Structure formats: structure tokens, C-alpha cells
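K.L.:
Build the 3D model from these lines:
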Amino acid sequence: MPESSPRIVILGAGFAALTAVRVLRKRAPQARITLVAPKAEFVYLPSLIWIPSGLRKGSDLSLPLATFLKDHGVEFIAGRVIGLKDGGRTVLTDAGEVQNDALIIATGGRFIRKLPGIEYALTLCEGVASAEAIRDRVDAMQSGRIALGFGGNPNEPSAMRGGPMFELLFGLDTHLRQQGKRDKIELTFFNAAAEPGKRLGEKAVSGLLAEMARRRIDTHLGHKPLGFTERGVDTEAGHINADLILFMPGLTGPAWAPEAGLTLSPGGFFKADEYCRVEGADRVFVAGDAGSFPGPDWMPKQAHMADLQAKAAAENLLLALEGREPAARFKVELICIVDTLDTGILVYRDEKRSLLFPSLRLFHWAKRYFERHYLKLFRA
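P.N.:
Residues are numbered from 1 along each chain as shown. So this is what the prediction gives:
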């Protein structure tokens, strides 16, 4: 490509980063695009829920990106970001400095692991290894109790990921029944909120709690978790005995965010406007879990939302390189199939409506179909 082509750097290798690659390459065939991430690998996080039951293996969900990057003419730099300088024009990594004319931050967030005894809990969305550890622990259990819950970010309440924990909860119930162990292994769902999952909508909360009751899943709601021990979960209302603790902490921005010299939200994310521009920065955009965006308090941190933000970020980045004002806004939309391993509950929400569709086998297969369709984009 000619040296006059703009140098665009994308940080990350998840949903937002790879969507940005596709949009940029389609709209700017001459652009020099560089992807920076620890590994040239994409992990399909939504299907981690199926590893504990054996429906998926880690190798099914971890895809090498060499062919995708080659086909899209993308240079790859293996490195971990440690900061930015020059207002974002220089990316600092453990592999050296990377210059750019425009930047998209799509590294995702990180979990807040501050609760005492957090080492006693396993976190599904930390990756394949964690999901496999959950599988192994569950398979080894013959009796006892599994406690499941999720937390938030006290400085940014919307920064949570509760959906996968509802799916893990119902999926484990189904899996244990299939194994004939459910009558010997109890399940308890705990949460600081009295009505967990409110971002999904009022109907969804009622539906999820009704599903827990139908499945004889115990609940411990409205009491803040204080910490974990090898014997269970301590909350403001007392102790939950547990032989296995599965907990999804709240989210915050990447560890290097304070070293970036950019505006951060109260919760530690890169603060963006409706065009995905990082506040106060020139030609620096953010998409996905690394950003804090204006919008309703139920705006989800999920793959679908990351894709929508990445499309807007890529389009506005190209406009910025032309010296033009941004025009693309992302739609705020929540689409969630709460999978139960053999059926699924479909939840939809946008700024005008909130819908809940009953548990149907069709939705489980729809989730599997979408996984297969999405992964085709990256398979060699």
C-alpha cells in the first residue's frame, strides 16, 4: 500500500476489533491497518456457557486469525498494551511503540477482583481455561451445593455481565438433571439486588425468577456479597454454604487505561460520545467493553452491542481522517437468548420496547445457528 495511506491501529482481537477490521477494509481498501493483541486468536465468548456441560470444547471456540488477517491485509503485532502517549498517536506495548494516524480501542474491559477470597470463585467469562475448570469441578461433584452470582461496578452500575450467569445457572440445572445428580446437588443464586437482571426489563426479571422457582433453585437476593471462603459465600445477611462458587465480578476498564492520558468515566472506562469518539481526543475511538457510552442505564455490555459500536467507530474514524464531522451513531439494542442447554428464553429491548418470549427449543437452536454463522467469518 502507498505510504500516503493512513495508518489505522486497532487494539484487541475480540468482537469489536474484528468488526472494525471488516468495516474499515471494505470502506478503505488502501488503508494500512494494524491489529495489536497478545495473540492472533479470537475466542467466541458467548458459547463458554456450553463448555461446563460438554456441549462445546475450548478448541471449538478458539480460532486462529492468521488467515482472516491475511485476507483483510492486516498487519499483526503480538503485544500487550501498557499505555498511550501523544494523545493516542503512539501506542505503548511490551513489544515496542506503534504509531498511528487514527486509533480504535477495542481491548475489552476487565473484572474487578477485589472481594476478599475472590480466589475461591471461578469466573466463566475469564476464558476457556476457566470454563473448563468449572466443567471439571462440576463433573467431580456427587453431592453438595453450587452458589452462583454476579456483581457490578459501584461507580458505574451498568458495567456488569449477568446474562451468562443466568445461562450457566439454568444450563447446570439441565446438565445435572441429565446426569441424574440434580437431587444431590443444590443450586443457589445470589445477588446484591432484590430483582437481579433488571437491565433486561421488568418482564425478564419476573420470568427469570419464575424459572428459578420452577427448577427449585434457591435464591439469596437483596444482600451484598462481602467475600468468599473455601466454605462458601459471606453476605450482609449471612453465609451461603457452597462446595463450588461461580461468580462474575463487575467490569472496569483495561489495566492500562490510567496510563493512557485519556478521559475516563467514573467506572474506569474510556469516556465516549454517541459517535464512539473518546472525549477530548483527536481521532481516537472506542468500541465494546473498554468504553463508557451515553445512553440508557440498561445498555448492555455484550458482543452484539460491541459490534454495533465498532461499526459506528470505524465509519466515524474514516470521516475524521478526511477532516469531516462524525455522522454514524450506534443503535442501543439488547438481544439475549438466555440458554438453558436444551431451550432458550429470548429477551429483546430497545429504547421503545421491552419483550420477553417464553422458553422454547427453537431459541436454543437459534443460538447455535448464530454461533456457527458468526464463526464462519473467521474459520480458515
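K.L.:
got the domain boundaries for the chain?
P.N.:
With automatic domain parsing as the criterion, the domains of the chain are listed as 7-109+253-321, 114-250.
K.L.:
Which parts of the stretch 51-200 of the chain are strands?
P.N.:
Here the stretch 51-200 of the chain has its strands, by DSSP state E, counting those that start in this stretch, at 62-64, 74-78, 81-85, 90-93, 96-99, 102-105, 110-111, 121-122, 144-150, 185-191.
K.L.:
which of those strands sits most buried?
P.N.:
strand 102-105 (a mean of 29; mean count of other CB atoms under 10 Å). For the C-beta atoms, the positions are set from N, CA and C on the backbone; glycine is no exception.
K.L.:
Tell me which helix or strand the closest residue to residue 277 other than its chain neighbours sits in.
P.N.:
Distances taken as CB to CB, 6 or more residues apart in numbering put residue 285 closest to residue 277, at 5.8 Å, once the chain neighbours are dropped. Using DSSP states H and E, residue 285 maps to strand 284-286.
K.L.:
Return the per-residue confidence for the residue nearest to residue 277.
P.N.:
Per-residue pLDDT puts residue 285 at 98.
K.L.:
Surely residue 58 is in contact with residue 51?
P.N.:
Yes: between residue 58 and residue 51 there is a contact at 6.5 Å, judged by CB atoms under 8 Å.
K.L.:
any residues in contact with both of those two?
P.N.:
Listed as contacting both residue 58 and residue 51 by CB atoms under 8 Å, 6 or more residues apart in numbering are 128, 131, 132.
K.L.:
most neighbours, which of those residues?
P.N.:
Most neighbours among those, by other CB atoms under 10 Å: residue 131, with 26 neighbours.
K.L.:
Pull up the gap between that residue and residue 225, please.
P.N.:
22 Å (CB to CB, to the nearest Å).
K.L.:
repeat for residue 32
P.N.:
From residue 32 to residue 225 the distance is 47 Å (CB to CB).
K.L.:
Point out where the chain drops to low pLDDT.
P.N.:
1-4, 380 (pLDDT under 70).
K.L.:
gap between the residue nearest the centre of it and residue 355?
P.N.:
Residue closest to the average C-alpha location in the chain (CA atoms, centre = their mean): residue 302, at 4.9 Å. Separation of residue 302 from residue 355 (CB to CB): 16 Å.
K.L.:
hang on, the earlier thing: if you count surrounding residues, which of residue 32 and residue 225 has more?
P.N.:
Neighbour totals were compared for residue 32 and residue 225, and residue 225 leads with 24 against 19 (other CB under 10 Å).
K.L.:
nearest residue to the more buried one other than its sequence neighbours?
P.N.:
Using CB to CB, 6+ apart, the closest residue to residue 225 is residue 235 (5.2 Å).
K.L.:
and the one you found, how many neighbours does it have?
P.N.:
Neighbours around residue 235, by other CB under 10 Å: 20.
K.L.:
how much space between it and residue 65?
P.N.:
In terms of CB to CB, residue 235 sits 42 Å off from residue 65.
K.L.:
Kindly report the same for residue 168.
P.N.:
27 Å.
K.L.:
Residue 58 and residue 51: which is more packed in?
P.N.:
Counting neighbours by other CB under 10 Å for residue 58 and for residue 51 shows that residue 51 has the greater number, 24 against 15.
K.L.:
Need the phi and psi values for that one.
P.N.:
Note on residue 51: backbone dihedrals following degrees, to the nearest 10 are phi -70, psi -40.
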